[in-house]
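**Q** below: sequence and its predicted model.
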Amino acid sequence: GRASAKLLFVCSLSGGSLIAYADSPSDRDESSFMQNQKETQKKKVVVLGTGWAGTSFLKDLDISSYDVQVVSPRNYFAFTPLLPSVTCGTVEARSIVEPVRNIIKKRNGEIKFWEAECLKIDPANKKVFCRSNIDENLAGNNEFSLKYDYLVIAIGAQVNTFNTPGVLEHCHFLKEVEDAQRIRRTVIDCFEKAVLPELTEEERRINLHFVIVGGGPTGVEFAAELYDFVHEDLVKIYPSVKDLVSISVIQSGDHILNTFDERISTFAEQKFQRDGIEVLTGHRVLSVSDRMINMKTKSTGQNISIPHGMVVWSTGVGTRPVVKDFMEQIGQGNRRILAVDEWLRVKGYEDVYALGDCATVDQKKIMEDISAIFEAADKDNSGTLTIEEFKDVIEDIIIRYPQVELYLKNKQLFDVTDLLKDAEGNDREEVDIEGFKLALSHVDKQMKSLPATAQVAAQQGAYLARCFNMREKRKSNPEGPRKFRSGGRHEFRPFRYRHLGQFAPLGGEQAAAELPGDWVSMGQSTQWLWYSVYASKQVSWRTRLLVIGDWSRRFVFGRDSSRI
Ligand code: FAD
C-alpha cells in the first residue's frame with residue numbers, strides 16, 4: 001500500500017515537467033552548456049533484467065544523477081507469485097504483468113529501455129553485448145553493445161534440469177508467463193484427449209495423470225491449483241472421466257515444503273492425502289519420456305516407472321549461460337552461482353553489482369570475516385570475551401550477515417548466551433572464542449544462502465538504489481555512518497534482509513503462512529490473508545484491480561476452460 005502511494009506520488013509529480021527558460025541567447029548557451037556538461041558527467045548505469053530485483057532498483061533509483069539504460073528480453077514485469085494461478089485460469093496472464101515502460105515513465109527523468117538479451121559481459125572494457133529479440137532492426141543488424149560505469153546484473157536464474165534425460169523435451173516448466181499459459185492449454189488438451197472415442201479406460205487414465213516433480217512451494221501450489229481446477233470446474237464439463245484423474249507430486253527429500261516450518265509441511269501433506277493427491281517422497285527422477293517417468297526409490301534402491309499425461313518440472317534454479325560465462329572470466333568458474341559481497345558487489349569488480357536469483361553472498365568469505373571480527377574484538381589476545389563484548393560482536397555479525405541470524409532463529413538459539421552455553425557446556429562469565437568458532441563452523445555447514453525469492457530480490461534492488469542515491473553524499477563522508485571493527489570500512493551499511501514471512505496456498509481456500517516471530521497460521525483465514533497481501537503487493541493499481549477482478553470472476557463463474 002505504501003509503495004503504491006509512493007508510486008502515485010511520483011506519478012503526480014512527474015505529470016508536470018519542469019521547463020527552464022533562458023532570457024537571452026547567451027543565457028541559453030550557458031544553460032545548455034551547463035546542462036550538457038551535467039549530462040556528460042552523469043555516470044552510465046546499465047541494468048540487466050526487469051524482474052523483481054531490476055524493477056525494484058529502478059523504482060527507487062534517483063535517476064536525475066545517472067544515465068540509466070535497461071536491457072531485458074521481456075518488456076514487462078511479471079508478478080511471479082501468481083504464476084501458478086495463471087496455469088489454471090484463476091488469474092489471467094495479462095493481469096499479473098506490467099509493461100516496464102509504464103513503470104519507468106512514472107519516474108521523474110529518462111530511463112532508456114532496450115528489449116534485448118545480454119549475450120556477454122566484458123568487465124575488462126566495461127561493456128555489455130546485447131542482441132535484440134525482434135528479428136532485425138532497420139540497419140539490418142540486431143546486435144549492439146553498451147558501455148557502463150556501473151553494471152547491475154539482475155537477470156534471475158533459469159530452470160535446473162540437473163541434466164536429467166528427457167526433461168527439456170518432455171516436461172513443462174513454470175518460470176515464465178508463457179510457461180503458465182502453455183500449461184493451461186496442455187491441461188485442457190489432456191482432458192480433450194481423454195474423452196476421445198475408442199480409447200481404453202487405461203489410456204484415458206494415463207492422459208489424466210498429472211505429475212509434478214518438486215515438492216517446493218511452486219510445485220505444491222501448482223498441484224493445489226490444478227486439484228481445484230479439476231474438481232471445481234473440469235469435472236463438471238468432462239463428467240465421463242471425472243473418476244480417472246490423478247495428481248502426483250514427486251519429491252526427493254523426506255517431506256514436501258521442507259523449507260517451511262514442520263507444522264506447515266505436515267499440514268500440507270495431510271491435506272494432500274485427504275484430497276487424494278499422491279505424494280511420493282524419497283524418489284529421484286532418472287529420466288522422462290513422452291509417456292513415462294522413471295525414478296529411483298531412495299529407500300529400496302529400486303527403479304520404478306509410471307505413465308503420465310503431463311509432467312511439470314519444478315525443482316530449483318540454475319545459472320544462466322551469460323552469467324556462467326562472466327563467472328569464468330572473473331575466476332569464479334568453479335562456483336555454482338555468482339558470488340557477491342554483502343554490498344552486492346562482484347569480488348574484484350567493484351562497479352559490477354549482482355542481485356536477486358542470479359547471485360549469492362559468498363559463504364566462505366563470511367566465515368573468514370566472522371573469525372576476523374572475533375579476533376579484532378579480543379584486544380588482549382586472551383582468547384576470551386566477556387558476555388557483553390560477545391553480544392556486541394554478535395550484533396555486528398548479524399548486521400553484516402543476516403543469514404547467521406536466520407540460522408540462530410531457526411535453531412531457537414537466538415539468545416546468544418544460551419548459544420554459548422550450548423557451545424561450551426558451561427556457565428562462565430567469559431566466552432571462549434575458539435569454542436564459539438567451533439559452534440559457528442557447524443553453522444557454516446548448515447547456513448544456507450538467502451533463499452531465491454522475490455522478497456530477497458526486491459529488498460536487494462531497493463537497498464542498491466539507496467546506496468546509489470547516497471553515493472554523492474557519501475563522497476564528503478567516505479567513512480560512512482557506521483564503522484566496523486575489522487574487515488575495513490565501507491561507505492554504506494551492508495545489505496540486510498528482513499524476512500517478512502512466506503505463504504503456501506494449498507487449494508480449497510486453505511493456505512499456510514509462516515510469519516516473523518515463529519508465528520504459523522493455517523486454514524481458511526490464512527487464505528484471506530494471502531488474498532489481501534498479494535493484492536496489496538501488486539506493482540500498480542491497474543494490475544491490482546485486474547487481479548481482484550479475476551478472483552471475483554472465478555468465485556462467480558468458475559474458471560474458463562477454453563483452449564485458446
Ligand atoms: P526474475 O524476476 O526472474 O527476473 C529476471 C529478469 O532478467 C527478467 O526480466 C528476464 O527477462 C531478464 N533476463 C533474463 N535473461 C536476460 C539476459 N540475458 N539479459 C537481460 N535480461 C535478461 N518468490 C517469493 O518471494 N514468493 C513467492 O510466492 C514466489 N512464487 C514464485 C512462483 C513461481 C512460479 C516462480 C517461478 C517463482 C516464485 N518466486 C516467489 C521466486 C521469485 O519469482 C524469484 O525469486 C524472483 O523472480 C527473482 O527475481 P530476479 O529479479 O532475480 O529474477
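**A** Structure received. Predicted model only: the values in this text are computed from it and were never measured. Numbers count the residues shown, from 1 in each chain.
**Q** make it CA atoms for all contacts and neighbour counts henceforth
**A** Noted.
**Q** so residue 189 versus residue 201, what's the distance?
**A** 17 Å (C-alpha to C-alpha, to the nearest Å).
**Q** look at these two and report which has more neighbours.
**A** Comparing residue 189 with residue 201 by other C-alpha atoms under 10 Å, the one with more neighbours is residue 189, at 17 against 13.
**Q** for that one, give me the pLDDT.
**A** Looking at residue 189, its pLDDT reads 95.
**Q** so it versus residue 290, what's the distance?
**A** For residue 189, the distance to residue 290 - C-alpha to C-alpha - is 15 Å.
**Q** and what of residue 79?
**A** The value you get for residue 79 to residue 290, if C-alpha to C-alpha is used, is 31 Å.
**Q** can you give me the neighbour number for residue 69?
**A** 19.
**Q** so which bits of the stretch 351-500 of the chain are right by the ligand?
**A** Residues of the stretch 351-500 of the chain lying close to the ligand (C-alpha under 6 Å from any ligand atom) are 356-358, 452-455, 457.
**Q** now do the chain
**A** 48-54, 71-74, 80-81, 83-84, 117-119, 154-156, 174-175, 218, 356-358, 452-455, 457.
**Q** show the buried residues in those residues.
**A** Burial by neighbour count, 16 or more other C-alpha atoms under 10 Å: within those this picks out 48-54, 71-74, 80-81, 83-84, 117-118, 154-156, 174-175, 218, 356-358, 452, 454-455, 457.
**Q** in helices, which of those residues fall?
**A** 52-54, 83-84, 218, 454-455, 457 (DSSP state H).
**Q** out of those residues, who's nearest residue 468?
**A** Nearest to residue 468, judged by C-alpha to C-alpha, of those is residue 54 at 13.6 Å.
**Q** pretty sure the closest one is touching residue 46, no?
**A** No. Judged on C-alpha atoms under 8 Å, residue 54 makes no contact with residue 46 at a distance of 10.4 Å.
**Q** now the common contact residues for those two.
**A** Listed as contacting both residue 54 and residue 46 by C-alpha atoms under 8 Å, 6 or more residues apart in numbering are residue 152.
**Q** pick out the residue in the stretch 451-564 of the chain sitting closest to the ligand.
**A** residue 453 (3.1 Å; C-alpha to the nearest ligand atom).
**Q** tell me who's in contact with that residue.
**A** Counting by C-alpha under 8 Å, 6+ apart, the residues that residue 453 touches are 356-357.
**Q** try residue 346
**A** 338-340, 352-354.
**Q** try residue 304
**A** 294-297.
**Q** with just CA atoms, put the longest strand along the chain into PDB.
**A** The longest strand of the chain (DSSP state E) is strand 111-122. Taking C-alpha atoms only, strand 111-122 is exported to PDB below (Å, rounded to 0.1, in the frame of the first residue of the first chain):
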ATOM      1  CA  ILE A 111      15.400   5.800 -18.500                       C
ATOM      2  CA  LYS A 112      16.200   4.100 -21.800                       C
ATOM      3  CA  PHE A 113      14.800   0.600 -22.200                       C
ATOM      4  CA  TRP A 114      16.100  -1.800 -24.800                       C
ATOM      5  CA  GLU A 115      14.200  -5.000 -25.400                       C
ATOM      6  CA  ALA A 116      17.100  -7.300 -25.900                       C
ATOM      7  CA  GLU A 117      19.100 -10.100 -24.300                       C
ATOM      8  CA  CYS A 118      22.500  -9.600 -22.900                       C
ATOM      9  CA  LEU A 119      24.800 -12.100 -24.500                       C
ATOM     10  CA  LYS A 120      28.100 -11.200 -23.000                       C
ATOM     11  CA  ILE A 121      29.500  -9.100 -20.200                       C
ATOM     12  CA  ASP A 122      33.000  -7.700 -20.800                       C
END
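**Q** buried ones in it?
**A** Judged by neighbour count using 16+ other C-alpha under 10 Å, the buried positions of strand 111-122 are 111, 113-118, 120-121.
**Q** can you give the contact residues for the helix or strand following that strand?
**A** Sequence order places strand 127-132 as the next helix or strand after strand 111-122, per DSSP states H and E. Under the contact criterion C-alpha under 8 Å, 6+ apart, strand 127-132 has outside partners 73, 114-122, 142-148.
**Q** sheet partners, orientation included, of strand 127-132?
**A** Sheet partners assigned to strand 127-132 using DSSP bridges are listed as strand 111-122 (antiparallel), strand 143-147 (antiparallel).
**Q** could you export these as JSON lines, including distance to residue 59 and mean pLDDT?
**A** Output for these, formatted as JSON lines (distance: least, C-alpha to C-alpha, whole Å; pLDDT from 0 to 100):
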{"stretch": "strand 111-122", "distance to residue 59": "11", "mean pLDDT": "95"}
{"stretch": "strand 143-147", "distance to residue 59": "22", "mean pLDDT": "95"}
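**Q** turn these into TSV, columns for distance to residue 64.
**A** Shown next, in TSV, are those (distance: least, C-alpha to C-alpha, whole Å):
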stretch	distance to residue 64
strand 111-122	10
strand 143-147	19
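**Q** so which of the ones you listed is nearest residue 100?
**A** Checking these against residue 100 by C-alpha to C-alpha gives strand 111-122 as the closest, at 8.1 Å.
**Q** ok, and what's touching the closest one?
**A** In contact with strand 111-122 (C-alpha under 8 Å, 6+ apart) are residues 48, 63, 67-75, 101, 104-105, 127-134, 322, 325-326.
**Q** next one: it to chain centre, how far?
**A** 20 Å (C-alpha atoms, centre = their mean, to the nearest Å).
**Q** what about the residue of the stretch 451-564 of the chain closest to the ligand, distance to residue 223?
**A** For residue 453 relative to residue 223 (C-alpha to C-alpha), the value is 20 Å.
**Q** repeat that for residue 161.
**A** For residue 161, the distance to residue 223 - C-alpha to C-alpha - is 19 Å.
**Q** neighbour count: these two, which is higher?
**A** residue 223 (25 against 18).
**Q** please name the residues that touch that one.
**A** Counted by C-alpha under 8 Å, 6+ apart, residue 223 has contacts 212, 247, 249.
**Q** do a quick rundown of the strands in the stretch 201-350 of the chain.
**A** Secondary structure of the stretch 201-350 of the chain (DSSP state E, counting those that start in this stretch): strands located at 209-213, 246-251, 278-281, 283-288, 292-297, 303-307, 310-313, 317-318, 338-340, 345-346, 349-354.
**Q** which strands and helices sit next to the second one?
**A** In this case it means strand 246-251. strand 209-213, helix 217-228, strand 278-281, strand 283-288 (3 or more C-alpha pairs under 8 Å, 6 or more residues apart in numbering; DSSP states H and E).
**Q** returning to what we had before: so residue 79 and residue 290 - more neighbours on which side?
**A** A count of neighbours by other C-alpha under 10 Å puts residue 79 above the other of residue 79 and residue 290, at 22 against 15.
**Q** how close does the closest residue to that one other than its chain neighbours get to the ligand?
**A** The spatially closest residue to residue 79, leaving aside those adjacent along the chain, is residue 96, at 5.3 Å (C-alpha to C-alpha, 6 or more residues apart in numbering). Noted for residue 96: a distance of 12 Å to the ligand, by C-alpha to the nearest ligand atom, to the nearest Å.
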